[in-house]
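Asks: next come a sequence and a model predicted from it.
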Amino acid sequence: MNLSAQARDLGILTEFFDGQGHRHVTDEIALKIIVDAFPVRIPYRFVEGPVVIRSGRATRTRLSEAVRLPLRWEISSGPKVAARGESDQNIIVWPQDLPVGSYRLKFTDATSVDEEVPLLVAPARAFGGDFDRGWLLAVQLYGVRSARNWGIGDFTDLAALIEFAGELGAEGVGLNPLHALFDDRPTDCSPYAPNSRLFLNPLYIDVEQIAEYRPGPATDDLARLRSGTVVDYAGVAALKWRALRAAFEVFRAERDPARQRDFAHFRIESGTLLQRFACFEVLRHRFNTPWWEWPEEWRRLDQAACDRLRAGPEANQIEFVEYVQWTADRQLRSCKALADRLGMKVGLYLDVAVGVQSDGFDAWNEQAAISRLLAVGAPPDPLNTLGQNWGLAGFNAAGLELRAFKPFRDMLRASMRYAGAIRLDHVLGLKRLYLIPHGFPARKGAYVQMPQEALLAVIAQESVAHDCVVIGEDLGTVPPGFRDDMADWNIWSYKVMMFERDDDGRFFGLDHYASNALITFNTHDLSTYAGWRSFADLKLKRSLGIDPGESDEARWRALGMLDEVLRHHGIDQHDLYSVVGFLARTPSRLLAVSLEDLLGVIDQPNIPGTVDEHPNWRQRLPVARENIGSAVDVAALRAATAARAEG
């Protein structure tokens, strides 16, 4: 089979047209690497791909011309047969009474040729939320100051912010990703470049709230960490990991029955994923190299090998990893429970990163579904003429189908168990991902088609099971029809007011905004409101040698356009609270207001395209959490969001 045919069978597009209508042909060497990075998949013979049935909707599948009729079919879940039938036509109408779930569908045609494909029965739509219109307080948790935290915001700070948000009338708190990073690489602090999306970042644990914590002597280090203007991740990690290990030793020595039972329950409910994560972390520290350079026996760990490792001399270290995740889980669940008690309709709104680091747990654990040799990115466009390489490994269609979409499902569950809403970063990846071989420039990548309908079905299944709204970050060049597909499945859109402007730069009015959407003025990758109004973002980027993509003249015009749209809707002021008041009156059902904006912070949390030139993901808030209530104009904020309180 030639390279183009192999690529076609794997859903890899050898050419595409960008948002400006320019044709791109994938470099043949790069294409070969992409093809080889995918697992082998035999093309489906009878159907185009996985079959999706939506509850309450008549669903039919057209068969290919390769079928020799009659065709027998059988739907099974494990050893149990859920339904079977036979068709003498090239269309099969599926039963509508199958319970929601994941199944295997087996075909046998008249020539006794067999084929198996995944079949998903999903709710007709994802969970839509049981509220009319609400708003959220958006927070970069790491940057929260308090008199008692250890130099980084933690889950106790989060609980206090939930209470504060509740007093303001918010329906929850929105957070940057809480994914697990690397404990021995604390300066790799981007929450969007995780070790694993399945587990939590232990640096958010409040160690003083652990039952086994025993205070040590006061140190100057702790005072320094609390007073710093940026998060000293290395210093925080050194103190927190020392305290966590000491608490674990007390846990093992005292063996409190209630605590032991809860820990055992957590290990059971977390299943083999937790076991494998703990084994991976121990092996990673043992070998201190990327997992593909480990001895052959550890590169692909089966359950038997994991069990042997857990029973060996490193059992204590494995249990420690599990203890830390148990601690993080229980503290975050406590925050969720607090939001529930306060009657918040959303509670926690969590971000889910688009990919993972190739040398992390997820890429090791799901080597078929995640391609470590390829990075997710974007092709060249007018704003990024060289294209973008985000340096993250992403899912591939062939591997997901081979694994019956379990890796994608596990990723959703890991965040949904705590959240009333999640945001999927770069949701366009449900339809296609732009993948770039390592070592190649971003312009030499290729689009890979994803099993969109099946992924949307899994989202609907998990969304309804967890009562969790799903918001798709649909910024950038969106393929035709994609937003319609999202809306049909009740996946909400993500609207950033900075971008919601017509071709002449005028901001859209209230009626422009969709109902099922989260609206916000900016994002963590954009200027804060204070920075935007003061041109600080333009000045900073120029000082770093970065083209800001906007002149001072264009910014003055944008400010005028903002004043114009506010006045058009009867808002005479142009401060932050005026903008919040405008956004609060849109039909969009969720509004996110950033804590940085409320505190007048000028510098944005992250400047894309920089690493050390700017303190990305490290800036701490200028005001301690205990003083936020007096630093924010609470009366103005309540007035601005009053339209939300009225429904």
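Replies: That came in fine, so what should we check first?
Asks: what helices or strands is the helix or strand of the chain with the lowest mean pLDDT leaning on?
Replies: Every helix and strand in the chain was compared by mean pLDDT, DSSP states H and E; the lowest is strand 15-17, with a mean of 83. In this structure, strand 15-17 packs against strand 23-25, with contacts taken as 3 or more Cβ pairs under 8 Å, 6 or more residues apart in numbering; DSSP states H and E. (C-beta placed from N, C-alpha, C; glycine too.)
Asks: give me the nearest residue to A180, chain neighbours excluded.
Replies: With sequence-adjacent residues excluded and distances taken as Cβ to Cβ, 6 or more residues apart in numbering, A180 is closest to F199, at 4.1 Å.
Asks: check for me that the one you found belongs to a strand.
Replies: Yes. Counting by DSSP: H, G, I helix; E, B strand; the rest coil, F199 is part of a strand.
Asks: check contacts around it.
Replies: Counting by Cβ atoms under 8 Å, 6 or more residues apart in numbering, F199 touches H179, A180, L274, F277, Q325, A328, F361, A414.
Asks: what about 10 Å?
Replies: F199 makes contact with 178-181, 270, 273-274, 277-278, 281, 321, 324-325, 328-329, 361-362, 414 under the criterion Cβ atoms under 10 Å, 6 or more residues apart in numbering.
Asks: tell me how many other residues crowd G11.
Replies: Per other Cβ atoms under 10 Å, the neighbour tally for G11 reads 20.
Asks: can you check D97 too?
Replies: Neighbour tally, D97, other Cβ under 10 Å: 8.
Asks: I'd say it and T59 touch.
Replies: No. The criterion here is Cβ atoms under 10 Å, and D97 misses it with T59 at 12.0 Å.
Asks: overlap in contacts of the two?
Replies: Common contacts of D97 and T59 (Cβ under 10 Å, 6+ apart): V121.
Asks: quick one: mean pLDDT for the helix or strand T156 falls within?
Replies: Taking DSSP states H and E as the criterion, T156 maps to helix 155-168. Throughout helix 155-168, pLDDT has a mean value of 98.
Asks: continuing past that helix, what's the next helix or strand?
Replies: For helix 155-168, the succeeding helix or strand toward the C-terminus, using DSSP H and E, is strand 172-175.
Asks: pull up the pairing partners for that following strand, direction included.
Replies: Here strand 172-175 is paired, per DSSP bridges, with strand 134-139 (parallel), strand 347-352 (parallel).
Asks: re the thing from before, what is the orientation angle of the helix holding T156 with strand 134-139?
Replies: Between the axes of helix 155-168 and strand 134-139, defined by axes from the mean of the first three to the mean of the last three Cα atoms, to 10 degrees, the angle is 150 degrees.
Asks: and helix 155-168, how far from the chain's centre?
Replies: Centroid displacement of helix 155-168 relative to its chain, using Cα atoms, centre = their mean, to the nearest Å, is 22 Å.
Asks: low-confidence ranges in the stretch 301-450 of the chain?
Replies: 382-383 (pLDDT under 70).
Asks: could you pull out the helices for it?
Replies: For the stretch 301-450 of the chain, the helices identified by DSSP state H, counting those that start in this stretch occupy 303-310, 315-341, 361-365, 397-402, 406-416, in order along the chain.
Asks: tell me how far the last one lies from the chain's centre.
Replies: Meaning helix 406-416. Relative to its chain's centre, helix 406-416 lies at 10 Å (Cα atoms, centre = their mean).
Asks: please renumber so the chain begins at 22
Replies: From this message on, residue numbering opens at 22, which makes the last subject helix 427-437.
Asks: buried residues, that helix. List them.
Replies: By neighbour count on 16 or more other Cβ atoms under 10 Å, the buried set for helix 427-437 is P428, F429, R430, D431, M432, L433, A435, S436, M437.
Asks: could you pull up the residues touching the third one?
Replies: With contacts defined as Cβ under 10 Å, 6+ apart, the neighbours of R430 are S123, L421, R424, L476, V479, I480, Q482, E483.
Asks: out of the residues you listed, the closest to R282 would be?
Replies: Nearest to R282 among these, counting by Cβ to Cβ, is E483 at 28.3 Å.
Asks: with adjacent residues omitted, what lies nearest to R444?
Replies: I492 is the one closest to R444 (Cβ to Cβ, 6+ apart), at 4.5 Å.
Asks: is the one you found in a helix, a strand, or coil?
Replies: Under three-state DSSP, the three-state class of I492 is strand.
Asks: what about K516, how many neighbours?
Replies: Look at K516: counted by other Cβ under 10 Å, it has 23 neighbours.
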